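> I'll drop the sequence and a predicted model, then ask my questions.
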Amino acid sequence: MQDVKAPLRHALKTALQALGVEPPTAVPVEPAPKGKPGDYGTPLPFQLARILKKPPPQIAKELASALPPIPGVREVIPVGGFLNFAYDPAYLVEAASAPPAPFPRRPGKVVVEHTSVNPNKELHIGHLRNVALGDAVARILAYAGFEVEVENYIDDTGRQAAESLFAIDRYGEAPGEGEKYDHYAGRLYVRLHQELGQEGKKAALEPGIRAVLKRLEAGELRNEIEKILRAQLATMWRLGAEYDVLLWESDIVREGLLNKALRLLKATPYVFEPEEGKYRGALVFDTSRFIPGLEDPYLVLVRSDGTATYTAKDIALQFWKMGLLSGLKFRPYGTQPSGRPLFTSHPEGEPMPFGRATATINVIDVRQSYPQQVLKAALSALGREDLAAHHVHLAYETVLLEGRPLSGRKGHVVSVDELIQEAVARARSVIAEKNPDHPDPELAAEQVGIGAIRFAMVKTEPRRQIDFRWDQALSFEGDAGPYLQYAHARAASILRKAREKGLDPAAPLPEGAAAKATAYEAALAKALLGFPEAVEKSAAEPTPHLLAAHLLDLAAAWNAYYNAKENGQPATPVLTAPEGLRELRLRLVSVVKETLRQGLALLGVPAPEVM
RNA sequence: GCGCCCGUAGCUCAGCAGGAUAGAGCGAGCGCCUCCUAAGCGCUAGGUCGGAGGUUCGAAUCCUCCCGGGCGCACCA
């Protein structure tokens, strides 16, 4: 896939220089709107109107005559103040006829932290958005040329983990038949909270919970946490999300990273212990210089009872991620479904080069914007504005369920496992109905079910609230994962049949084949050529929804191509097309298939060969 | 009250480093399987881009104010 806009921009700059105008740094070039002549166009003449003191249409004409020949451009068409370019279809098709290639490597390392769910109960659809978003962003960045490290923070010394373990111990009940361990822990956690709600129970149970908390901090109950964590990981892996390293909070505390971080901060003028007032005896961070406009800019790092706040631990983790602190040890944690190894921090491990990031992305919901700002402020407090500028909080809005906020207490939640089961069952029945001879219905059902769920979570802009509705999330029509998967399977089917006939879609195009390209092929080629830019934009934001939107456009262009008719007859048959044109179309279909596969992979959506 | 985010078609959403008659999907209506998978395609209907000012040759996009909704403002996170 080659860039057709770059030569065009270059030619425009050359023409501008010929006209004695300093070219802008970014020359706008966009596909021409439907119904307008040409394939691409630029509004450049409007921007020059002020400088040249001439009307845009006149500038467009002058610019047109000053242009050097542009590769593939058949005609330069002034359209009012726009200047459009009609391409030779053969050129567009040739430009699109190689599958997209990964981007060149970029310097530095990006650490993406996502999931980081409390190891105390099963995942629900709120967590799902985090996993889907984080995993997609990590994949997109890696494809876009960044070195990416995916970290999953395990808060094993938190209150919630302690409560689940306490509940398991207290009720002494075994998991139900076939009950996943995280669901079991979650069930007893909920039961504990019911009991805590009863009169006088809280005081009676509190010491027990505190005792568990102490043991967790000492790392004594790691195996108990692991049982829950392993069950959660099974869900993440089934979704297709994978990680490089698990970071246990107890390890971070044990390695003294927290104290090291606090020591660094205490050496700045912004962190101190007030001698009077409401914060007397606590260690606070005055963020006013970094976060203006707060009514109370003091943030407690260490409470007056000596315990550290979560934010303080988070700052320590952030410092570690960016190489300001060292000390964690690691060891292998096993191999994930794709074969990618997973590591974990561990007291008995050995040093490994995790962390040391030049940029960090935290995938975490918008309600935590303030503490995320504090992370940047802490970096700034150390004088590391450079690092602060490279920390991104990928804030996403919360997920509603049928219009109402999720609520564990009111039972208004859906677990991810439950959702997957439902989606796969639904896919299974659609396959049985539409393709009863499917060679592997179980595989396809899993792919379609997972794909529908994951796509639903990433197609919307992160900062918009998602209202999860069963009928929409499991929809297999329209703007949905299965629509893209279907387009992919359709292309795969043609390629399969071609190979059966002895044709090789990967073979070089025969001499003169490209010249047979029509407007149909050109339109499809243009859709394909937008892929690298969509990836680039998605990586830069970062957000997967831009790539998702482009893939929907590409699939729509491909489906339209597939269905094109003239006088009631198929206008664009592939396998039965005349020789030359057939090879050309086959090549395009193969690039469509590969581009969709790649794009879907970046969103974590499987691409079935048969549906 | 202060701060951040969101108001685009009946519903769910793209578009927002200013550019061409504002685009999809769902829903509604009409059509397309003797043709490579109809989970698809085509056509029709449907919009004061929350409102008012402003900047600009040009504003859904930038600025200000207002209205509506969400979230955050603990020695929680």
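Yep, it's here.

> Okay, and the beta partners of residue A:396?
Counting by DSSP bridges, residue A:396 forms beta bridges with residue A:365.

> Give me the neighbour count for it.
By other C-beta atoms under 10 Å, the residues close to residue A:396 number 26. C-beta here means a position set from N, CA and C on the backbone, and glycine is covered the same way.

> And the one 4 residues further on, by the same measure?
One way to gauge burial is a neighbour count; for residue A:400, by other C-beta under 10 Å, it gives 17.

> can you check residue A:58 too?
Other residues close to residue A:58 by other C-beta under 10 Å number 14.

> Distance-wise, check it relative to RNA strand B.
In this view, residue A:58 and RNA strand B are 13 Å apart by C-beta to the nearest atom of the strand, to the nearest Å.

> Quick check: that residue vs residue A:381, distance?
Per C-beta to C-beta, to the nearest Å, residue A:58 is found 57 Å from residue A:381.

> Also residue A:294?
Distance from residue A:294 to residue A:381, by C-beta to C-beta: 15 Å.

> do the same with residue A:59
Relative to residue A:381, residue A:59 is positioned 52 Å away (C-beta to C-beta).

> Any idea what the residue in the stretch 51-200 of chain A that RNA strand B sits nearest to is bridged to?
Among all residues of the stretch 51-200 of chain A, residue A:82 sits closest to RNA strand B, at 3.7 Å; criterion: C-beta to the nearest atom of the strand. Counting by DSSP bridges, residue A:82 is bridged to residue A:79.

> and it, what does it touch?
Counting by C-beta atoms under 8 Å, 6 or more residues apart in numbering, residue A:82 makes contact with A:36, A:41, A:42, A:43, A:45, A:60.

> Can you turn the buried subset of those residues into a selection I can paste into PyMOL?
Buried members of these, defined by 16 or more other C-beta atoms under 10 Å, are picked up in PyMOL with:
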select buried, chain A and resi 41+42+43+45+60
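
> Can you say which two of the contacts of residue A:82 are spatially most distant?
Distance extremes for the contacts of residue A:82: the farthest pair is A:36 and A:45 at 14.9 Å, using C-beta to C-beta.

> Quick check: which element contains the residue in the stretch 351-500 of chain A positioned nearest to RNA strand B?
Nearest residue of the stretch 351-500 of chain A to RNA strand B, counting by C-beta to the nearest atom of the strand: residue A:478, 2.1 Å away. Assigned by DSSP states H and E, residue A:478 falls within no helix or strand.

> Run a quick neighbour tally on it.
That count, for residue A:478 with other C-beta under 10 Å as the rule, works out to 9.

> Find me the pLDDT at the residue of the stretch 51-200 of chain A closest to RNA strand B, would you?
Listed pLDDT for residue A:82 reads 94.

> Can you report how many residues lie near the residue nearest to residue A:423 when sequence neighbours are not counted?
Once flanking residues are discounted, residue A:423 sits nearest to residue A:449: 3.6 Å by C-beta to C-beta, 6 or more residues apart in numbering. Using other C-beta under 10 Å, residue A:449 has 27 neighbouring residues.

> can you check residue A:49 too?
Around residue A:49 there are 16 other residues, counting by other C-beta under 10 Å.

> In which helix or strand does it reside?
Per DSSP H and E: residue A:49 is located in helix A:44-52.

> Then residue A:442?
helix A:441-458.

> residue of the stretch 251-400 of chain A with the smallest distance to RNA strand B?
Of all residues in the stretch 251-400 of chain A, residue A:310 sits closest to RNA strand B, at 2.7 Å by C-beta to the nearest atom of the strand.

> What's the separation between that residue and residue A:64?
Distance from residue A:310 to residue A:64, by C-beta to C-beta: 62 Å.

> now for the very next helix or strand once past the helix holding residue A:442, which elements pack on it?
Sequence-wise, the next helix or strand downstream of helix A:441-458 (DSSP H and E) is strand A:466-468. Here strand A:466-468 touches strand A:399-401, helix A:441-458, going by 3 or more C-beta pairs under 8 Å, 6 or more residues apart in numbering; DSSP states H and E.

> quick one: average pLDDT of the longest one?
Same thing as helix A:441-458. Helix A:441-458 comes out with an average pLDDT of 97.

> Next to RNA strand B, which bits of the stretch 351-500 of chain A? Give me the list.
A:366-371, A:397-398, A:405, A:427, A:430-431, A:434-435, A:444, A:448, A:459-461, A:463-467, A:472, A:475-480, A:482-483, A:486, A:489-490, A:492-494, A:497 (C-beta under 7 Å from any atom of the strand).

> Can you select the buried ones among those for me in PyMOL?
Per 16+ other C-beta under 10 Å, the buried members of those correspond to this PyMOL selection:
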select buried, chain A and resi 371+397+427+430+431+444+448+459+460+466+475+476+479+480+482+483+486+489+490+492+494
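
> what's stretch A:254-274 in contact with?
Contact with stretch A:254-274 is made by A:219, A:252, A:280-287, A:289, A:298, A:301-302, A:308, A:312-313, A:315-317, A:319-320, A:324-325, A:327-329, A:347, A:378, A:381-382, as judged by C-beta under 8 Å, 6+ apart.

> Low-confidence bits of chain A, can you list those?
Along chain A, no part satisfies pLDDT under 70.

> how about the strands in the stretch 101-250 of chain A?
Counting by DSSP state E, counting those that start in this stretch, the stretch 101-250 of chain A has strands at residues A:109-113, A:147-154, A:245-248.

> what packs against the second one?
Contacts defined by 3+ C-beta pairs under 8 Å, 6+ apart place strand A:147-154 against strand A:109-113, helix A:125-143, strand A:245-248.

> Off-centre distance for the last one?
Right, the one you point to is strand A:245-248. Centroid displacement of strand A:245-248 relative to its chain, using C-alpha atoms, centre = their mean, to the nearest Å, is 20 Å.

> That one packs against which elements?
Packing partners of strand A:245-248 (3+ C-beta pairs under 8 Å, 6+ apart): strand A:147-154, strand A:341-345.

> Rebuild those as a markdown table, extending it with mean neighbour count.
Formatted as a markdown table, those follow (neighbours: other C-beta atoms under 10 Å):
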| stretch | mean neighbour count |
| --- | --- |
| strand A:147-154 | 23 |
| strand A:341-345 | 19 |
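
> any chance of the ones you listed in a markdown table, with distance to RNA strand B too?
Output for those, formatted as a markdown table (distance: least, C-beta to the nearest atom of the strand, whole Å):
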| stretch | distance to RNA strand B |
| --- | --- |
| strand A:147-154 | 10 |
| strand A:341-345 | 18 |
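
> closest to residue A:603 out of the ones you listed?
Between residue A:603 and the helices and strands packed on strand A:245-248, the shortest separation by C-beta to C-beta is 15.3 Å, and it involves strand A:147-154.
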